[in-house]
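**Student:** could you work out the structure for the sequence below:
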Amino acid sequence: MNPQREDRLAALAAVATLALAWLAGAALSRGDVTPFLHDALPDAERFEARAGDTFAAFQGDELLGHVAIGEAAGYGGPLAVAVAVDDEGGVRGTAIVAHRETPSFFQRVARSGLRERLVGKGYADPFELGDDVDGVTGATTTSRALAEAVRDGSQRVARERLGKSVPKPEPPAVRFGAPEITVLALYAAGLVGQRRRLPFRKALRWTTLLTGLVVLGFWLNLPLTISRVSSFLLGYWPQWQTNLYWYLLIGGILFIATVDNKNGYCAWFCPFGAAQECMAVIGGAKLTVARVYRRRLVWVHRGLAWLALMLAFLFRNPGLSSYEVFGALFAFTGSTVLFALLGIVLVVSLFVKRPWCHYLCPLDPVYDIVRLGRTWELEQWTRQRLGASSS
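**Tutor:** Modelled structure (predicted):
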């Protein structure tokens, strides 16, 4: 079979099966929250549902308080928390109902005692990191989501069950700082650098690679991951005002891929790609994989990406799709397996150029589908144009 035809058929099959997994995951995601109500308020013997998705908690005939399910946008999607509230609107207890965070980062927050520190806060408190809540270093987004979900639950009870006056939250201020400025500057440099006859093209590319490594990697820890992509595909779109960086990063990739058929992120400033290229300079990296094996490795590569997205869609949890080693390198967090894989990749990078990018990274096959879709669309447009001119 023609390789191009084979790629297109495989892409269609992948998209079709992923769409079915997306629909199946949506149908299976509705679960019973009763066990989490007990976790939030263990003294309660029974719970009675009330309007507005709140629950009254009783011990015998005595009303102990109310429980509501609060939600906020985390790194991978909605984070839901059962929040027990007393008659004054104070938080009595919490329990995590569902989250879509990367497991290693969520465990960091879970072990930090943040949930326990939120107990006793009132519905009128700001629940703001750096103000009345101490976040968790290296897991800021998850920490903020947990605090905001508890605030949401406590305010829902205060407003709907206790008759308290709860002002509507004002729209968040737009956050535009170092991450956003950096990604825009890197895209601009990449667009300039893609001109092949540019005399300082190589120096410019190394500048963008090292900037991506140092700023987006080690300083900000904001590399693009498959869990972030699957989060968007699942419909978990965070507030653009506080997540402008991700909209700029992913939007820039799609724009450049559609207009110019280039992969501006991976080629010019991917932090882990830069790390591999630095290792290649140190080791010489002249080995290449024989052509007879290259095609087989590409299919292994694509299979891993497909499996990662299938898990994310079926379980509605982007965190399950992440097998990348970025956290191990840039945040020094992850399982023993991820640290071992990171070590292997970095050692192999001394001899083979970008082994992770070419044979393991789940983002590259996603880009391949975008590229194939663009090529197919151009072919259709060309055929229609030729047909119109001939007639």
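
**Student:** count the residues that sit near residue 294.
**Tutor:** 12 (other C-beta atoms under 10 Å). Where C-beta positions appear, they are placed from N, C-alpha and C, glycine not excepted.

**Student:** doesn't it belong to a strand?
**Tutor:** No - applying DSSP: H, G, I helix; E, B strand; the rest coil, one finds residue 294 to be helix, outside a strand.

**Student:** can you name every helix or strand that the host helix or strand of residue 202 contacts?
**Tutor:** Following DSSP states H and E, one finds residue 202 within helix 201-211. The contact analysis (3 or more C-beta pairs under 8 Å, 6 or more residues apart in numbering; DSSP states H and E) places helix 201-211 against helix 178-193, helix 264-268, helix 271-283.

**Student:** got the angle between that helix and helix 271-283?
**Tutor:** Going by axes from the mean of the first three to the mean of the last three C-alpha atoms, to 10 degrees, helix 201-211 is angled at 120 degrees with respect to helix 271-283.

**Student:** contacts only, for the closest residue in space to residue 118 that isn't next to it in sequence.
**Tutor:** The shortest distance from residue 118 to any non-neighbouring residue, by C-beta to C-beta, 6 or more residues apart in numbering, is to residue 150 (4.9 Å). Contacts for residue 150 (C-beta atoms under 8 Å, 6 or more residues apart in numbering) come out as 70, 81, 83, 91, 94, 118, 121, 127.

**Student:** closest one of the residues you listed to residue 37?
**Tutor:** Set against residue 37, the nearest of the contacts of residue 150 by C-beta to C-beta is residue 83 (10.1 Å).

**Student:** ok so residue 328 is a strand residue?
**Tutor:** No - using three-state DSSP, the assignment for residue 328 is helix, not a strand.

**Student:** now the residue nearest to it when sequence neighbours are not counted: how far from residue 361?
**Tutor:** Closest residue in space to residue 328, ignoring its immediate chain neighbours: residue 334 at 4.0 Å, by C-beta to C-beta, 6+ apart. As defined by C-beta to C-beta, to the nearest Å, residue 334 lies at a distance of 16 Å from residue 361.

**Student:** more neighbours: which of the two?
**Tutor:** residue 361 (25 against 22).

**Student:** what helix or strand is the more buried one located in?
**Tutor:** Assigned by DSSP H and E, residue 361 belongs to no helix or strand.

**Student:** among the contacts of residue 150, name the ones in strands.
**Tutor:** Among those, DSSP state E puts 70, 81, 83, 91, 94 in strands.

**Student:** how close does residue 364 get to residue 253?
**Tutor:** On the measure of C-beta to C-beta, residue 364 and residue 253 end up 12 Å apart.
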